[in-house]
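1. Got a sequence here, can you build the structure:
(3 chains)
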Amino acid sequence: MPELPEVETVVRSVEPRVRGKLIRSVVTSASRVFGGQQTEIEREAPGQRIHAVTRIGKNILFQLDRQQLRVHLGMTGRLLFSEAVMTHPRARLLLEGDTGEGADGDGALQMIYDDARQFGRFQLVTGEVESLGLGPDALSITAQAFQAIVQRHRGSIKNLLMNQKLLSGMGNIYTDEALYQAKIHPLTPGVLVPTQKLQALHAAMIALLREAIQQGGSSISDYMDACGNKGSYQEQHQAYGRTGLPCPGCGTLITRIVVAQRGTHFCPQCQRLPRGLGKSPLAKSL
DNA sequence: ATTACTACCTGACAGC
DNA sequence: TGCTGTCAGGTAGTAA
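-> Reported below is the predicted structural model:
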């Protein structure tokens, strides 16, 4: 479900409500999202205070006294403060209520981790963030670092952009959109993307991630932030999900192929494979 | 050391 | 109303 802009939106909606608060209790229901840590989380998290909520790539990190609580939303994970919209609650955190002036101590806050497909992760992490093995965050990577990563790899540019170990935060939607804007065919090997187009891709990627954050992310089906707000960036998509519709640039119909087992949307006119690759095995799925 | 493919889950939707 | 097949924003693990 959520890629960098959606995760950032969630962080921004969650952070002000939980920062500084003490975790009173955690109740979980059996699920693969805990990776076998179910009882450990219920035992360790209560009594710890949430000092900050940060993000790296698609990971949300709650900075606690002794550990970090890592939340990865997978495809359908959500952090919610209301039971009204939840469908598959996996964990409930009871936080202390408002401690400000006038608080009566009875305003406990409940934060729910809800995840239908259980592709997410809800885990306690001890030690440094580096242990997650994530590449640099897509929103802040420099053009130089980006170029170095892409030019070192022979795999398809689409695969590469979505590989969280190389670059963290990009998912299927924003990868298709960034490649569309930079006019790069998704099957182009990274090493064959011209330097000039790489700069365009880097600029397009960051610009569209920023714009999507401004608009609260893309809500394709059930994505929402912790307050139940949906994003609106899906209205700006030019390639993703537009199979059979005209390319906004040239009018050619947007084509859907499968790359890395993911539906991939692009304009066959604007996004051409480099010469000589037309008959390569890489392009056989065309 | 890459790269490619499957498996993991549930739900929505289209077509019969 | 089912039933079946396809698709879905993600990643871990395994096999070439």
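2. When you work out contacts or count neighbours from here on, use the C-alpha atoms and nothing else.
-> Will do.
3. Next, the buried residues of stretch A:54-63.
-> A:55, A:56, A:57, A:58, A:59, A:60, A:61, A:62, A:63 (16 or more other CA atoms under 10 Å).
4. wait, which of those residues is closest to residue A:205?
-> Of all the buried residues of stretch A:54-63, residue A:57 has the smallest distance to residue A:205: 13.6 Å, by CA to CA.
5. returning to that earlier point: which of the buried residues of stretch A:54-63 lies closest to DNA strand C?
-> residue A:58 (5.6 Å; CA to the nearest atom of the strand).
6. Pairing partners for residue A:253 in the sheet, please.
-> residue A:246 (DSSP bridges).
7. pretty sure it contacts residue A:244?
-> Yes: Residue A:253 lies in contact with residue A:244 (CA atoms under 8 Å); the separation is 5.1 Å.
8. Show me which of those two is the more surrounded one.
-> residue A:253 (18 against 14; other CA atoms under 10 Å).
9. Just want the phi and psi numbers for the residue of the stretch 1-150 of chain A found nearest DNA strand B.
-> Residue nearest to DNA strand B within the stretch 1-150 of chain A: residue A:117 (3.8 Å; CA to the nearest atom of the strand). Per-residue torsions, residue A:117: phi -90, psi -10 (degrees, to the nearest 10).
10. and it, what does it touch?
-> Neighbouring residues of residue A:117 by CA atoms under 8 Å, 6 or more residues apart in numbering: A:75, A:76, A:77.
11. so of the buried residues of stretch A:54-63, which ones are in strands?
-> Within those, residues falling in strands by DSSP state E are A:55, A:56, A:59, A:60, A:61, A:62, A:63.
12. Please tell me I have it right and the fifth one contacts residue A:55.
-> Which is residue A:61. Yes: counting by CA under 8 Å, residue A:61 does reach residue A:55; the two are 5.8 Å apart.
13. And stretch A:208-219, what's buried?
-> A:208, A:209, A:210, A:212, A:213, A:215, A:216, A:217, A:218, A:219.
14. so residue A:212, which of the three states?
-> helix (DSSP: H, G, I helix; E, B strand; the rest coil).
15. Name the nearest residue to it, sequence neighbours excluded.
-> Nearest residue to residue A:212, sequence neighbours excluded (CA to CA, 6 or more residues apart in numbering): residue A:233, at 5.4 Å.
16. what about that neighbour, how many residues close to it?
-> Residue A:233 has 21 nearby residues by other CA under 10 Å.
17. Which pLDDT does the model give it?
-> At residue A:233, the predicted lDDT confidence score is 92.
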